[in-house]
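[1] Just a sequence and a predicted model for now, questions to come.
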Amino acid sequence: MKKLMMLVLVVVIVVVHLQSGQKQLDKPKKGDMVFKMDKVWEIEDAGEAPFASIRDLMVLEDGTAYIYDSKNLRIYIVSKEGKAVRAFGRMGEGPGEIRQLRQAKLRRAGDKIVVQEDRRIHYFKRNGDFIRSQTVLEAQNPILFLNENETITAPIHLRQIRNKRGIGKIRRINLKTGAQSVIASFSMFKGGMSVSKSGGRATVTDTSLTPMMIITHFNGRLYYGMNDEYWITVSDLTGKRLNSFGIERKRRWISDKVKEDELIASAKDRAPVELLKRLAKTMANEMNHFSNIEIHKGLLYVFTPYYVRNHRQQIDIFSTGGTFLYRAFIELDPELKMTREPLIRNGFVYISMENDEGDITVAKYSIALPKA
């Protein structure tokens, strides 16, 4: 009888372990691959001025691209054929203007385009016509929209939460009714903030070096994880956990000098150097494991972050069950440098790139994706 009880106990332990997920070795089941790409179009401006600093890029199902240039301070609409359609969004306080446009992000909310700044979101039609603006609490800044009014949020700074334990929460919030529910809790990174001797304050959020919660949504499921650990959880929209998986991979080390140089270069005299150096020291000296999660043709694409970008992007590809299938690469010619993370949509990849002479272009390529 005692032997039988021990056997049952072992079986229970094994079942629980498998259900809770486990990390895999950093060896893809089907090996490494480089995506085959064929250029469809490439543009260097969208009708007003040459691209100067592409901060964000979003593409709809019909192929319409929205390109936000944080130096030109304009959002450009480009057709699926690569033709400039219109520019919209200006810095300012009036209707349809964005106060903190330099740091704004593009989101999609149902059939509308959202330009999001700190504590405020602005709704536009797909053609760029302004609809309305809405103020939100700092802790309710959306990470993604489920529809026009429902969002998924998670804090990225300790100043966005009130508890002293540094516990953040992933929430589902209805911006129209105020209803909300907690999906999951997580421990937040305690760096990324600095105060100068003169009282100036600076914060930094960088998916490469600032550990943060990365979340995506597909077909009623959320895929999320703190990116300083290679561990991804799958849940439904109520928070019920369905799966979890990860890879045993060491984080890449990066020096304080590189962090300082990149922060100073990106700030472009908008903050004191002394403050930026102090801020760099609050950031991790190890690269995070992933910066984005996408789903294409039934497979999960996990993007590897780069603090100093070059001509290639690594993407780890998993089955929906979490099996590590491919270590894949998007590669440009060595004389080109990606200026931001590539975006894959509907069998195409969109890449913002810079050549040796400093010219910035955006290109669309057809791409051969593996099947599930």
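    Looks like it came in fine.

[2] wouldn't residue 295 be in contact with residue 220 here?
    No: using CB atoms under 8 Å, residue 295 is not in contact with residue 220; the gap is 11.9 Å. No exception for glycine: its C-beta is placed from N, CA and C like everyone else's.

[3] So between the two, which is more surrounded?
    residue 295 (17 against 8; other CB atoms under 10 Å).

[4] what's the more buried one in contact with, if anything?
    Residue 295 makes contact with 216, 218, 223, 301 under the criterion CB atoms under 8 Å, 6 or more residues apart in numbering.

[5] do residue 213 as well
    When contacts are counted by CB under 8 Å, 6+ apart, residue 213 touches 143, 154, 156, 168, 170, 186, 224-227.

[6] For it, give me the pLDDT.
    Residue 213 is assigned a predicted lDDT (pLDDT) of 93.

[7] Please name the bridge partners of it.
    On the basis of DSSP bridges, residue 213 is bridged to residue 226.

[8] So residue 276: helix, strand or coil?
    helix (DSSP: H, G, I helix; E, B strand; the rest coil).

[9] How much space separates it from residue 148?
    38 Å (CB to CB, to the nearest Å).

[10] Mind checking which of those two has more residues around it?
    Applying other CB under 10 Å to residue 276 and residue 148 shows that residue 276 carries more neighbours, namely 23 against 16.

[11] I figured that one hits residue 264, correct?
    Yes: with contacts counted by CB under 8 Å, residue 276 reaches residue 264, the gap being 5.4 Å.

[12] which residue packs closest to the residue nearest the centre of the chain, ignoring adjacent ones?
    Residue closest to the average C-alpha location in the chain (CA atoms, centre = their mean): residue 292, at 4.4 Å. Using CB to CB, 6 or more residues apart in numbering and skipping residues adjacent in sequence, the residue nearest residue 292 is residue 303, 4.2 Å away.

[13] again with residue 267
    residue 276 (5.8 Å).

[14] Tell me, what's the model's pLDDT at residue 284?
    In this model, residue 284 carries a pLDDT of 83.

[15] How is it assigned, secondary-structure-wise?
    Strictly by three-state DSSP, residue 284 counts as coil.

[16] How about it, nearest residue that isn't a chain neighbour?
    residue 209 (5.3 Å).

[17] again, but for residue 218
    residue 295 (4.3 Å).

[18] ok but the one you found is inside a helix, no?
    No: assessed with three-state DSSP, residue 295 is strand; it does not lie in a helix.

[19] Spell out, range by range, the helices that occur in the stretch 201-350 of the chain.
    256-267, 273-282 (DSSP state H, counting those that start in this stretch).

[20] Could I get the ones you listed in TSV, plus columns for distance to residue 42?
    Putting these into TSV (distance: least, CB to CB, whole Å) gives the following:
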stretch	distance to residue 42
helix 256-267	25
helix 273-282	34
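
[21] Just name the most buried of the ones you listed.
    helix 273-282 (a mean of 18; mean count of other CB atoms under 10 Å).

[22] Other residues contacting stretch 118-126?
    In contact with stretch 118-126 (CB under 8 Å, 6+ apart) are residues 60, 64, 88-89, 96, 98-100, 103, 107, 109, 111-116, 130-138, 141-142, 148.

[23] Produce a ChimeraX select command limited to the buried residues of those.
    Restricted to buried positions by 16 or more other CB atoms under 10 Å, the ChimeraX selection for the contacts of stretch 118-126 reads:
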select :64,88,89,96,98,107,109,112,113,114,115,116,130,136,141,142,148
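
[24] In strands, which of the contacts of stretch 118-126 appear?
    Judged by DSSP state E, strands contain the following of the contacts of stretch 118-126: 88, 98, 107, 109, 112-116, 130-135, 142.
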